[in-house]
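Trainee: Sequence first, predicted model second:
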Amino acid sequence: MHTIEKKSTTKAWAGAIPSLRDAPRTVSFSTRRSANANAEPAKEFPPTQLPIISGKIPDGLRGTLYRNGPGRLERGGDANGGLRQRMGHWFDGDGAILAVNFTEGIATGAYRYVQTSGYQEEAAAGKLLYGNYGMTAPGPIWNQWQKPIKNVANTSVLALPDKLLALWEGGKPHALDLQTLETWGEDDLEGLTKGLSYSAHYKRDNQTGEIFNFGISPGLNATLNIYKSDPTGKIIQQAAYQLDGVPLVHDFVLAGQYIVFFIPPVRLNVLPALIGTNNYSDLLKWQPRLGTQILVIDRVSLSVVSRGETEPWYQWHFANGYVDASGSVIVDIARYEDFQTNQYLKEVATGQTHTPAESTLTRVHLHLQTGKVTSIQQLLNRHCEFPTVPQQNVGQASWYTYMSTFRSGTDISQELVNAIARFDHKTETLTEADLGENRYPSEPIPAQDSQNPEQGWLLTVVYDGNSHSSEVWVFDSDRLDAEPVCKLGLPSVIPHSFHGTWNPAS
């Protein structure tokens, strides 16, 4: 473990996430096995009992695994003719939700696209009509002004008592039926007025049931909107802070009594974005001279506690945060040294990745009242993405962090993550689940056993490139290096997804 002392400076802070749009392209996929999961639009299936391939469903595994991700990265080129159009970035794909319900030794799965208005319009037209993060709207330039950005509802899910929310950070969530996955429509959570968005990376306090999230209102200087909701999802408190410029903020962290934002030095070139001459992704520029800006918010009042700055880095995702015995804020992130990760993710949509983008599990020690970073520790010298902790530990110290990573010897510029792992913060050791050649797991999701709170499970959806099929694997969270306790077959291939959640049975 390596510790470096950092100096604080006084530059301005900022953060934001509007969404814009690049012309659709026709591409061909490579022979890499990982690419085949995204090569064709996903096929929906109704509630279906899933066959047990091996092992046994644990008796105490009761609840539903939900996952969200881009199910479709193309339009046209079907039996009705027309040009096959592929979307410009992995982030542009239409959202599709997988639900796997576990009860009494039986698992039932369902998979459906989120029926956003943009999805329905493009399905009826048989072609792309809208721009998005990595593509401008097709056709003449005035389409950029006439067509709003399509809400693709493809990034994460929030399970509430009476509905499931499909989340995407550039707009409002879409509400779905928890069992059937029928789309009910956009949901304002009784607080999202016109122009407000609701990010994909909420944080839920397991003790109070409170839900925290944020959204960005774009502009020459964007506005950070912070939301607190009750356990039903209803927004009960809001705060807004103007930002300098338009940076990219994808996630934040709950740390005890505080909400913490790390705002990376990525800025949008605003004028071309307003004119519509280029897409949002390509107009995001890495500006390391700005440093990483820090904003600490009190979770009770939603007021600013401190602002600070430290060295430049980029992170998509936070693992967790907490306040230690000395009163310091501890924040764990998946840290990239620059913004090449965005180019790599753009290449995923083509099936041909070649840009190296490695992140490491990194711990930041933060002085609460000044916003000054006192030290930065690289916890693990291995690639780390989609880091997470058990839901009961969100905002508190967690013994373990779970993550996606690469098998030893993998060329990370050529592949998607192909292993999951658990980092033990007490022993500083990594336990890896090696799924074998040509198998690609989704983000690992912890699930607490309903009968024994000391027992945990880890769930992941695995694309098997050897058989071009998808499965659900269940691991004992304390024995990741052992065989899964259960493997379940899925009726069709599930394209690589982004984020999910475990909703325990009530």
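Mentor: Arrived safely, thanks for sending.
Trainee: Show the residue spans covered by the strands in the stretch 201-350 of the chain.
Mentor: 203-204, 211-217, 223-229, 235-242, 253-255, 258-263, 266-268, 284-286, 292-298, 304-310, 314-323, 329-336 (DSSP state E, counting those that start in this stretch).
Trainee: Can you check which of those gets nearest to residue 482?
Mentor: Using C-beta to C-beta as the criterion, the shortest distance between residue 482 and these is 23.7 Å, found for strand 314-323. (Each C-beta comes from the backbone N, C-alpha and C, glycine too.)
Trainee: So which elements touch the closest one?
Mentor: strand 253-255, strand 258-263, strand 329-336, strand 385-388, strand 400-405 (3 or more C-beta pairs under 8 Å, 6 or more residues apart in numbering; DSSP states H and E).
Trainee: relative orientation of it and strand 292-298 in degrees?
Mentor: 40 degrees (axes from the mean of the first three to the mean of the last three C-alpha atoms, to 10 degrees).
Trainee: partner strands of strand 314-323, parallel or antiparallel?
Mentor: strand 329-336 (antiparallel) (DSSP bridges).
Trainee: Let me know the angle separating the strand it pairs with from strand 258-263.
Mentor: Going by the same axes, to 10 degrees, strand 329-336 makes 30 degrees with strand 258-263.
Trainee: which regions of the stretch 101-250 of the chain sit below the pLDDT cut-off?
Mentor: 139-147 (pLDDT under 70).
Trainee: Could you do the chain as well?
Mentor: For the chain (pLDDT under 70), the answer is 1-32, 78-82, 139-147.
Trainee: cutoff 80 now
Mentor: 1-32, 77-82, 137-148, 272-277 (pLDDT under 80).
Trainee: contacting residues around the nearest residue to residue 288 once chain neighbours are set aside?
Mentor: Among residues not flanking residue 288 along the chain, residue 312 sits closest, at 3.8 Å (C-beta to C-beta, 6 or more residues apart in numbering). Listed by C-beta atoms under 8 Å, 6 or more residues apart in numbering, the contact partners of residue 312 are 264-265, 288-292, 338.
Trainee: Now do the SS call for residue 35.
Mentor: helix (DSSP: H, G, I helix; E, B strand; the rest coil).
Trainee: Count the residues that sit near it.
Mentor: Residue 35 has 21 neighbours, counted by other C-beta atoms under 10 Å.
Trainee: quick one: it from residue 278, how far?
Mentor: According to C-beta to C-beta, to the nearest Å, residue 35 and residue 278 sit 26 Å apart.
Trainee: Check residue 265 too.
Mentor: 20 Å.
Trainee: who has more neighbours, those two?
Mentor: Using other C-beta under 10 Å, the more surrounded residue of residue 265 and residue 278 is residue 265, with 24 against 16.
Trainee: Distance check, the more buried one against residue 288.
Mentor: Taken as C-beta to C-beta, the span from residue 265 to residue 288 is 5 Å.
Trainee: cool, residue 326 as well?
Mentor: In terms of C-beta to C-beta, residue 326 sits 30 Å off from residue 288.
Trainee: who's more crowded, those two?
Mentor: Set residue 326 next to residue 288 and count neighbours by other C-beta under 10 Å: residue 288 wins out with 16 against 8.
Trainee: For residue 454, grab the count of nearby residues.
Mentor: 7.
Trainee: Likewise for residue 428?
Mentor: With other C-beta under 10 Å as criterion, residue 428 counts 10.
Trainee: Of all the strands of the stretch 201-350 of the chain, which one comes closest to residue 393?
Mentor: strand 314-323 (6.8 Å).
Trainee: Report the buried residues of the closest one.
Mentor: 314-323 (16 or more other C-beta atoms under 10 Å).
Trainee: Wait, residue 245 touches residue 221, no?
Mentor: Yes. Between residue 245 and residue 221 there is a contact at 6.6 Å, judged by C-beta atoms under 8 Å.
Trainee: more crowded one of the two?
Mentor: Taking neighbours as other C-beta under 10 Å, residue 245 and residue 221 compare with residue 245 leading, 19 against 13.
Trainee: Show me the helices in the stretch 301-450 of the chain, by range?
Mentor: 340-348 (DSSP state H, counting those that start in this stretch).
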